[in-house]
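A.B. asks: Kindly return the folded structure for what I paste below:
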Amino acid sequence: MKSINNQTKLVEVITNTNDYDKYPTLPNLLNRPKTETHIKVLVNSFMGFGTAGAIIRVLKTRAITGKTEYFTVDGQHTIVAAKRLNLPITIMVIELLEDTTLNVTKYVAALNNSSKAWSTKNFLQSFAANEISEYKVFKNVMESEGLKLTDLLHIFLGGAGATENKLYKSGEMKFLNIKDSEELLLAVIKVKVVIPNKAFVRRALYKILRLSKDYNRMANAILKAAKHLKEANSKFSENEIDFYAHLTEIYKSEFKIK
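C.D. replies: Presented below is the predicted three-dimensional model:
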């Protein structure tokens, strides 16, 4: 896949303007909904210190409709708060060197990621809307099977640490081995009703399934063990260390490992 260039260039800076409604927010999934709590925090701040340090980022783009348009991509809460107090704002107009819909999405995602404004669902919906196959797969599996992002990162990327999360939020996520991941996914779906519904505990499941290499066989062994626990009026531990130790016992017994 061709490398995406997300670099920007400054077009114009507009200072001390009260043109609050000139630049609309991006359509569809590219801007998160405004929250009254955040607006009130900004209002209180502006009442005490003004808006001199507040910058509104506006994107000049043809990617959305094919004609040159200007959209607010960062600072929508600031605009509302400044408008309520009739205080001036500073607008920075920028454009992408490679002006595509996907790059617009990535740029907005990067802005929101740095400010921790977007949820994992926001990233998922926006990149899936850009027809990126990996995100469409994640969206479909999460909706149909109820698995969490952490689960899918483990299954399709091999882990759910900082590196995998960064790839996910940048729009650059790529599956390592789709056939292997699909087989692992089927095994996880098979056993998810009998194992603890906690992401940090389920790390043990992914470790032991990958260790076994035969995901379906190991899943069946886990189901058999869960049945025995239920008959004894018990269940798998929600402590990760204990759960992993139990899974290790099941693995050794099933695969005849001393």
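
A.B. asks: Quick one: the helices in this protein, in order.
C.D. replies: Along the chain, the stretches classed as helices by DSSP state H are 36-49, 76-85, 101-114, 120-129, 133-145, 149-157, 162-170, 178-191, 199-212, 215-231, 240-254.

A.B. asks: Pipe the ones you listed into JSON lines and attach mean pLDDT and distance to Ile55 per row.
C.D. replies: Just so you know, the C-beta spots here come from the backbone N, C-alpha and C atoms, and that holds for glycine as well. Rendered in JSON lines, the data for those read as follows (pLDDT from 0 to 100; distance: least, CB to CB, whole Å):
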{"stretch": "helix 36-49", "mean pLDDT": "88", "distance to Ile55": "13"}
{"stretch": "helix 76-85", "mean pLDDT": "92", "distance to Ile55": "8"}
{"stretch": "helix 101-114", "mean pLDDT": "82", "distance to Ile55": "11"}
{"stretch": "helix 120-129", "mean pLDDT": "86", "distance to Ile55": "22"}
{"stretch": "helix 133-145", "mean pLDDT": "93", "distance to Ile55": "30"}
{"stretch": "helix 149-157", "mean pLDDT": "95", "distance to Ile55": "31"}
{"stretch": "helix 162-170", "mean pLDDT": "91", "distance to Ile55": "22"}
{"stretch": "helix 178-191", "mean pLDDT": "96", "distance to Ile55": "42"}
{"stretch": "helix 199-212", "mean pLDDT": "92", "distance to Ile55": "36"}
{"stretch": "helix 215-231", "mean pLDDT": "96", "distance to Ile55": "50"}
{"stretch": "helix 240-254", "mean pLDDT": "95", "distance to Ile55": "44"}
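
A.B. asks: Between these, which one is closest to Asp21.
C.D. replies: Put simply, out of those the one that sits nearest Asp21 is helix 76-85, at 8.1 Å, with distance taken as CB to CB.

A.B. asks: what comes up buried for that closest one?
C.D. replies: Within helix 76-85, the residues that qualify as buried are Gln76, His77, Thr78, Ile79, Val80, Ala81, Ala82, counting by 16 or more other CB atoms under 10 Å.

A.B. asks: before we move on, the earlier item: now, of the helices of the chain, which is deepest in the fold?
C.D. replies: Of all the helices of the chain, helix 149-157 carries the top mean neighbour count, a mean of 22, counting by mean count of other CB atoms under 10 Å.

A.B. asks: just to revisit the earlier point, out of the helices of the chain, which gets nearest to Asp19?
C.D. replies: helix 76-85 (9.7 Å).

A.B. asks: picking up where we left off before, could I get the helices of the chain in JSON lines, plus columns for distance to Glu12?
C.D. replies: Putting the helices of the chain into JSON lines (distance: least, CB to CB, whole Å) gives the following:
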{"stretch": "helix 36-49", "distance to Glu12": "24"}
{"stretch": "helix 76-85", "distance to Glu12": "17"}
{"stretch": "helix 101-114", "distance to Glu12": "17"}
{"stretch": "helix 120-129", "distance to Glu12": "26"}
{"stretch": "helix 133-145", "distance to Glu12": "33"}
{"stretch": "helix 149-157", "distance to Glu12": "38"}
{"stretch": "helix 162-170", "distance to Glu12": "28"}
{"stretch": "helix 178-191", "distance to Glu12": "45"}
{"stretch": "helix 199-212", "distance to Glu12": "45"}
{"stretch": "helix 215-231", "distance to Glu12": "56"}
{"stretch": "helix 240-254", "distance to Glu12": "53"}
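
A.B. asks: wait, His77 sits on Thr37?
C.D. replies: No - taking contact to mean CB atoms under 8 Å, the distance of 9.7 Å between His77 and Thr37 leaves them out of contact.
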